[in-house]
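Chemist: A structural model of the following input is requested.
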Amino acid sequence: MSFFYLLTFVLFVFYIGNTATGISRRSLPEWLLVCFLLFAGSIIFTGFCLSYFRLTASTPAWAVSVFITATVFRLVFGKLIERRTWSVNRLIWENRLAFGDWYKALNPFLKVVFTALLATLGVIAVTNLLLILFTPPNEWDSMTGHLNRVMQYIQRGTMRHFGGTNWNMDTYPKSVCTIQIYSYLITGRFENAFKLIHQTSYWMAIVAVFGISRMISRNLTAAFFAALCYAMLPDFLMQAISTETDIVLTAYLGTLFYFLFAFYETRDIRYLYLTGMAFGIAYGHKVTFTLLLPSVFMVMVYTVFWSPNVSVFLNRLKYLTPAILIGVCLFMLPTGYLKNIEVFGHPIGPPTALKHQSVERAGSLPNLFEQGTRNVIRYGYDHINLDGLRNTQWGLDLNQAMRKPLVKLEEVTKLRLDEETDFSIQPFSFARRFEFYNANPYWGIIGFALILPLVLLSLLGLMRSRVHFFLAVAFVLHFLALSYSAPYDPFKGRYFIETGLMGSLFLPLLFTNRWFKLEKPGRMVLKAYVGLVVAVGCLSALFAVFLNERCLPFPAYGRPSAFNTERMYFQMMFRPDSYVPYKRFDELVPENATVALGTINDDFEYPLYGKHLSRRLIPINPFEQGVRPIPKEADYLFFSKNVIKPQPGDMRLGTDTTMKGLIVPGEDYYLRKLK
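Modeler: Okay, the predicted model is just below:
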């Protein structure tokens, strides 16, 4: 049956591709983005329907239903626009020839630059693909929330609210779960298929940057440069092999921006329909899309709202507004926001969570302004780092030497960036912990040496580019939103992944602005500078991937390769003091057992499902609801001493209490055999 389900998956992908040819123009980037939107939208809406009928865990239902949803989209778009199909194979062949001609026509300097970028991307692409296929997920949020809840939904057969140990399990929007569940089931319960949507999002975001850059610059070389440089940003690379959610939101954002710019270029209303669909999917994916709304609005002002007269403006709204409303109804409202209001009284979640990591933590408005302004400067400092490169000792030494003037500047101005901590999850530090900058870096040298200066020059109006002025305002609005909306967090590198997409759209200026024009002869100083930045950026990207402590392709830092690491050790890497009790649990409890969990909010639960994800886990300490009775069907009870009091006969699994400097210390764990 696994082969049959895989066959339906392949047929579904081809069906989506054929449907997209009738919706997109004859453009390879656009066709890929339309395919991505239809693929995600079909699975998401199907998932909501199957959850309602308690068929979330039914592989046959998934195999058939996604075709039904895709067909509905096909028919609807067929009514809205004139379908003109074309040959994808012929288009791909033409693009291959065009790429070869473009590469041959490059001058020697650009040929070296693009060879370095393409070779680096090739090495990274192969490495990341191997890591995805042959290593299990192990990032923190997935161990406590993201993948933990996916397994709960599969075991329960529905995505309805159930009250998980970690507050994220119920409060996070569920749309990405539908894609992960479909990918997992349709591939014969292949665990690493959970990463399919994230790896796909990596490439779709790159395609979006390429497509948008080509439209706004009308320069193929500029578009390739922007896309390849964005592909090198360390924070973007780190999420490409993970199951974190921000990279998926970034792909949705890139798709949304592409359709807006496509409308600006063609004035074709099909792109307003696609914009509405992308808007609903993006907002249904994660509530942090709210922080992107001011930026999206600025892009809409430039591409849609800026009209020759009021009647044209109203005519565009006539199509865009219903499209967005329908997108919200189909893809946002069913994903969990309404249930959060019903259960917690807030679309985001419980008051404790809001106070911990939302604007409420700042208290008064004057304090929010003061501390939020500090966050702007803190994140600015965090961006000026040789991320990726400082995973090595010599790179770290170079980074520290480079930043000495910045540290001195903070001391002179007395900004108290590291002393004020009341609006911080983890206090700011000029020397961030290795765990923070290794697994959650920012943009590296391409960011602070190319992107940020170009954004600043555009914001000041020195680039004489109206589109880049609007993009600069959008960029700044998102940077400010991230700084003022939540406490400072050294893990925030992953949240700036969407800002990085906007920032990469400024790189074409190096080829189109009269001050730069890298394609012209001469300009040796500028070319030497750009060449140095690209070389260091490529090295940073390689070191970010090959020295990623969370998923090492080769042994490093005294750790084995991720390919040769024992599963439990690999998944408990960031909870090392808890490895021993979890390992003992895995050895003592049968793979098909039913286990009641008396764990706390921060405990990793995903590793407890076992190698084959076959154990049934029942949380009995839901977030802030108190301990529930042990269910009769449970064979074992795994619990923390701080949740349930041990009794005679319970087995103490043991936790290493000698370790220091832990992000979150482990609990004292016990195991009770119930049957």
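Chemist: avg pLDDT for the helix or strand containing residue 118?
Modeler: Assigned by DSSP states H and E, residue 118 belongs to helix 108-134. Helix 108-134 shows an average pLDDT of 96 in the prediction.
Chemist: And stretch 310-318, by the same measure?
Modeler: Stretch 310-318 comes out with an average pLDDT of 93.
Chemist: So which bits of that stretch are buried?
Modeler: Residues of stretch 310-318 classed as buried: residue 316 (neighbour count, 16 or more other C-beta atoms under 10 Å). In short, each C-beta sits where N, CA and C put it, glycine included.
Chemist: I'd like to know which elements the helix holding residue 118 is packed against.
Modeler: Helix 108-134 is packed against helix 196-217, helix 220-232, helix 524-546, with contacts defined by 3 or more C-beta pairs under 8 Å, 6 or more residues apart in numbering; DSSP states H and E.
Chemist: chain center to that helix, what's the gap?
Modeler: Here helix 108-134 is found 21 Å from its chain centre; the criterion is C-alpha atoms, centre = their mean, to the nearest Å.
Chemist: Redo the helices and strands packed on helix 108-134 as a markdown table? Include mean neighbour count and mean pLDDT.
Modeler: Output for those, formatted as a markdown table (neighbours: other C-beta atoms under 10 Å; pLDDT from 0 to 100):
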| stretch | mean neighbour count | mean pLDDT |
| --- | --- | --- |
| helix 196-217 | 24 | 97 |
| helix 220-232 | 24 | 97 |
| helix 524-546 | 19 | 96 |
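Chemist: mind checking which of these is nearest residue 347?
Modeler: Residue 347 sits nearest to helix 196-217 of all the helices and strands packed on helix 108-134, at 23.3 Å, using C-beta to C-beta.
Chemist: burial count for residue 47?
Modeler: 29 (other C-beta atoms under 10 Å).
Chemist: can you tell me how far it sits from residue 396?
Modeler: 44 Å (C-beta to C-beta, to the nearest Å).
Chemist: Quick check: the nearest residue to residue 131 once chain neighbours are set aside vs residue 35, distance?
Modeler: Using C-beta to C-beta, 6 or more residues apart in numbering and skipping residues adjacent in sequence, the residue nearest residue 131 is residue 241, 4.9 Å away. To residue 35, residue 241 is 22 Å away according to C-beta to C-beta.
Chemist: For the two, indicate the residue with more neighbours.
Modeler: Under the criterion of other C-beta under 10 Å, the comparison of residue 241 against residue 35 puts residue 241 first, with 28 against 22.
Chemist: what helix or strand is the closest residue to residue 599 other than its chain neighbours on?
Modeler: In space, and not counting its chain neighbours, residue 599 is closest to residue 165: 5.4 Å by C-beta to C-beta, 6+ apart. Per DSSP H and E: residue 165 is located in neither a helix nor a strand.
Chemist: How about the backbone phi and psi for residue 165?
Modeler: phi -60, psi -50 (degrees, to the nearest 10).
Chemist: can you check residue 488 too?
Modeler: Dihedral angles for residue 488 - degrees, to the nearest 10 - are phi -60, psi 140.
Chemist: Just the pLDDT for it.
Modeler: 86.
Chemist: number of nearby residues for it?
Modeler: Counted with other C-beta under 10 Å, residue 488 comes out at 23.
Chemist: just the one 4 residues further on next, same as before
Modeler: Residues within reach of residue 492, counting by other C-beta under 10 Å, total 22.
Chemist: where does the stretch 301-450 of the chain dip in pLDDT?
Modeler: 353-363 (pLDDT under 70).
Chemist: For it, which segments are assigned as helices?
Modeler: Shown for the stretch 301-450 of the chain, the helices assigned by DSSP state H, counting those that start in this stretch span residues 310-327, 337-344, 351-357, 365-383, 393-413, 434-439, 444-446.
Chemist: Can you say which of those helices is packed in most?
Modeler: The highest mean neighbour count among these, using mean count of other C-beta atoms under 10 Å, belongs to helix 444-446: a mean of 27.
Chemist: contact partners of the helix or strand just after that one?
Modeler: For helix 444-446, the following helix or strand on the C-terminal side (DSSP H and E) is helix 452-459. The contact list for helix 452-459 (C-beta atoms under 8 Å, 6 or more residues apart in numbering) reads 383, 463, 465, 468-469, 471-473, 475-476, 503, 506-507, 509-510.
Chemist: Quick check: buried residues in helix 452-459?
Modeler: Applying 16+ other C-beta under 10 Å to helix 452-459 flags 452, 454-455, 457-459 as buried.
Chemist: Stretch 62-73 now?
Modeler: 62-63, 65-67, 69-70, 73.
Chemist: Send me it as PDB with only the CA atoms.
Modeler: Extracted C-alpha coordinates of stretch 62-73, given in PDB (Å, rounded to 0.1, in the frame of the first residue of the first chain):
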ATOM      1  CA  TRP A  62      -6.000  12.000   2.400                       C
ATOM      2  CA  ALA A  63      -4.900  10.200  -0.900                       C
ATOM      3  CA  VAL A  64      -8.300  10.900  -2.500                       C
ATOM      4  CA  SER A  65      -9.500  14.100  -0.800                       C
ATOM      5  CA  VAL A  66      -6.600  16.300  -1.900                       C
ATOM      6  CA  PHE A  67      -7.500  15.700  -5.500                       C
ATOM      7  CA  ILE A  68     -11.100  16.900  -4.800                       C
ATOM      8  CA  THR A  69      -9.900  20.100  -3.200                       C
ATOM      9  CA  ALA A  70      -7.400  20.800  -6.000                       C
ATOM     10  CA  THR A  71     -10.200  20.100  -8.600                       C
ATOM     11  CA  VAL A  72     -12.400  22.700  -6.900                       C
ATOM     12  CA  PHE A  73      -9.600  25.300  -7.100                       C
END
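Chemist: coming back round to it: can you say which helix or strand has the residue nearest to residue 131 in it?
Modeler: Using DSSP H and E, no helix or strand contains residue 241.
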